[in-house]
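This is a predicted model, with the sequence first.
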Amino acid sequence: MTAPLRPGDPTIVNVALGGRAYDIVIGRHQMASLGARAAALKPGAKAAIVTDDRVAGLHLEAAEAALAAGVLTTHRIVVAAGEGTKSFAGFECVCEALIAARMERGDLVVALGGGVVGDLAGFAAAAVRRGLDYVQVPTTLLAQVDSSVGGKTAINSRHGKNLVGAFHQPVLVVADTAVLDTLPPRQFRAGYAEVVKYGLLGDAGFFVWLDAHVKEVFAGGAAREHAIATSCRMKAAIVARDERETGDRALLNLGHTFGHALEAAAGFSDRLLHGEAVALGMALAAEFSVRLGVLAPAQAARTTRHLADAGLPVRLAEVAGGVPDADRLMDLMAQDKKVKRGKLTLILMRDIGAAYIAPDVDPALLRAFLMEKLDGQ
Ligand SMILES: NC(=O)c1ccc[n+]([C@@H]2O[C@H](COP(=O)([O-])OP(=O)(O)OC[C@H]3O[C@@H](n4cnc5c(N)ncnc54)[C@H](O)[C@@H]3O)[C@@H](O)[C@H]2O)c1
Ligand SMILES: [Zn+2]
């Protein structure tokens, strides 16, 4: 990682994928550099900005103005905000708009928004003309530290989330940390769960740092930038080692098998945001690790206390509208993609900063654990 040399300079994290390597540019007001960076990557390109109707009102003009400095023309493709847009209909709409805008191989798709826009625009970019280059300009904390990096793109099927998609790496990620100032606090908190995840899964020092600086991260400024850059550096390193998740990229799913089951139970609604489900999932993963005798109780307690102090849910009773019984939760966990031939794979913790892949979790133990957690709500 290149740390800023002067205040105002961005931090740059490279995702080392050989011929498909790219930079993540992190810093306040870095959106302004978009045009120059696009011109350096694709001289003479046209650009199409895909965004949602909420982000459009806040940041589209700034993005267009910045791009105008470096590309020939810009088109805007505005979709409805919300997970419902990550659908076949949303995909068709974006693909047709890209084709109508005459986007060709030498041009650039720019995904301006949260993970919904990034996943949808990235998948459309992967498919139109068998692959257009695209730039991620993530505008949520979750997108800046997670979904914009690593090249996973997808839409949802009626059978579940992210079931139709492609690996398609962006050519550039510009994470302007100032755009997070307009993000609703609840969305910021939810994204923060993914930041904590990086500390828990592989960097105890980062967890300790977060514990000491959580207020500054929420306030913005240098601490926020450091937290985002550290998260991106870790994701970049894991993606560079295991781009297609045949090995330790799965560690990024810490808290996610529990979390996805809870999200599904809540109907993927505002009752429980993804990051909130992940926070609760990480608390459960830590406590289940204690149950298996692999994690010291004090470390699980530190994990849940930090998440709770940040305002994130750590107990099932905190899910608005309640959660289903243990059998239903087990069913939902089994539907998660991380199931191989009936055996449940969970990401568990040996320590803070030392997560591991547990490929053969005993369903009876897990069921007993969930029943106890549900009783103790
Ligand atoms: N591809 C991956 O690797 C990956 C990883 C994690 C999550 N995801 C996907 O990401 C999606 C969730 O992303 P998300 O949490 O960013 O949700 P989102 O894209 O729905 O954004 C959340 C809300 O915030 C609004 N918003 C975005 N930026 C804003 C800003 N700067 N100011 C004010 N409002 C703003 C959006 O309009 C939306 O209403 C899910 O579909 C998930 O599957 C993908
Ligand atoms: Zn996640």
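On my side now, so go ahead. Residues are numbered from 1 along each chain as shown. Ligands and ions are numbered 1, 2, ... in the order given.

Could you list the contact residues of the protein toward ligand 1?
Within the chain, the positions near ligand 1 by CB under 6 Å from any ligand atom are 52, 54-55, 58, 81-83, 86, 113-117, 119, 139-140, 142-143, 146-147, 150, 152, 161-162, 179-180, 182-183, 187, 274. The way it works is simple: take the backbone N, C-alpha and C, and place the C-beta from them, glycine included.

So which of those are in helices?
If you go by DSSP state H, the residues of the chain next to ligand 1 have 54-55, 115-117, 119, 142, 187, 274 in helices.

Just give me the closest of those to Asn156.
Nearest to Asn156 among those is Asp119, at 9.2 Å by CB to CB.

give the contact list for the closest one.
86, 147, 152-155, 162, 165 (CB atoms under 8 Å, 6 or more residues apart in numbering).

what about Asp360, neighbour count?
The tally of other residues near Asp360 (other CB atoms under 10 Å) stands at 9.

ok but it is inside a strand, no?
Yes: Asp360 forms part of a strand when assessed by DSSP: H, G, I helix; E, B strand; the rest coil.

Tell me which residues touch it, please.
343-345.

Filter the residues of the chain next to ligand 1 down to the buried ones and hand me the ChimeraX line.
This is how ChimeraX selects the buried members of the residues of the chain next to ligand 1, with burial counted by 16 or more other CB atoms under 10 Å:
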select :52,54,55,81,83,86,113,114,115,116,117,119,139,140,142,143,146,147,150,152,161,162,179,180,183,187,274
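
and Ile49, that one's in a strand?
Yes: assessed with three-state DSSP, Ile49 lies in a strand.

Which residues does it form beta bridges with?
Arg76, Val110 (DSSP bridges).

Distance of it relative to His75?
Distance of Ile49 to His75, computed by CB to CB, to the nearest Å: 7 Å.

next one: Ala227
Distance from Ala227 to His75, by CB to CB: 34 Å.

And for Ser33?
With CB to CB as the criterion, Ser33 and His75 are 21 Å apart.

picking that back up, in terms of neighbours, single out the busier of Ala227 and His75.
Ala227 (27 against 19).

Model confidence for the more buried one, exactly?
Turning to Ala227, the model gives it a pLDDT of 98.

Dihedrals phi and psi, it?
phi -60, psi -40 (degrees, to the nearest 10).

cool, and Val323?
The phi/psi pair for Val323 (degrees, to the nearest 10) is phi -130, psi 160.

give the contact list for it.
Val323 neighbours (CB under 8 Å, 6+ apart): 262, 265-266, 316, 329, 374.

Just send those back as a markdown table, with pLDDT and distance to Ala250 too.
Shown next, in a markdown table, are the contacts of Val323 (pLDDT from 0 to 100; distance: CB to CB, whole Å):
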| residue | pLDDT | distance to Ala250 |
| --- | --- | --- |
| Leu262 | 95 | 19 |
| Ala265 | 92 | 23 |
| Ala266 | 92 | 24 |
| Leu316 | 95 | 24 |
| Leu329 | 94 | 21 |
| Leu374 | 93 | 27 |
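
any chance of the residues you listed in CSV, plus secondary structure?
Shown next, in CSV, are the contacts of Val323 (three-state DSSP):
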residue, secondary structure
Leu262, helix
Ala265, helix
Ala266, coil
Leu316, helix
Leu329, helix
Leu374, helix
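
Buried ones among the contacts of Asp360?
344-345.

now the host helix or strand of Ala212: how far from the chain's centre is it?
Element membership for Ala212 (DSSP states H and E) is helix 204-219. With CA atoms, centre = their mean, to the nearest Å as the basis, helix 204-219 stands 19 Å off its chain's centre.

Can you redo the ones in helices among the residues of the chain next to ligand 1 as JSON lines, where the extra columns are pLDDT?
As requested, those are exported to JSON lines (pLDDT from 0 to 100):
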{"residue": "Arg54", "pLDDT": "98"}
{"residue": "Val55", "pLDDT": "98"}
{"residue": "Gly115", "pLDDT": "98"}
{"residue": "Val116", "pLDDT": "98"}
{"residue": "Val117", "pLDDT": "98"}
{"residue": "Asp119", "pLDDT": "98"}
{"residue": "Leu142", "pLDDT": "98"}
{"residue": "Gln187", "pLDDT": "98"}
{"residue": "His274", "pLDDT": "95"}
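
So which of the residues you listed is the closest to ligand 1?
Gly115 (2.0 Å; CB to the nearest ligand atom).

So the closest one versus Ala143, what's the distance?
In terms of CB to CB, Gly115 sits 5 Å off from Ala143.

Common neighbours of those two, please.
With CB under 8 Å, 6+ apart as the test, Gly115 and Ala143 reach no residue in common.

who does the helix or strand where Ala283 lies touch, helix- and strand-wise?
Assessed by DSSP H and E, Ala283 sits inside helix 274-291. Where contact means 3 or more CB pairs under 8 Å, 6 or more residues apart in numbering; DSSP states H and E, helix 274-291 is packed against helix 185-202, helix 256-265, helix 297-309, strand 343-351, helix 363-375.

Please identify which of those is closest to Ala240.
helix 185-202 (13.9 Å).

Buried residues, that closest one. List them.
187-202.

from those, which is closest to ligand 1?
Nearest to ligand 1 among the buried residues of helix 185-202, with distances taken as CB to the nearest ligand atom, is Gln187, at 5.1 Å.
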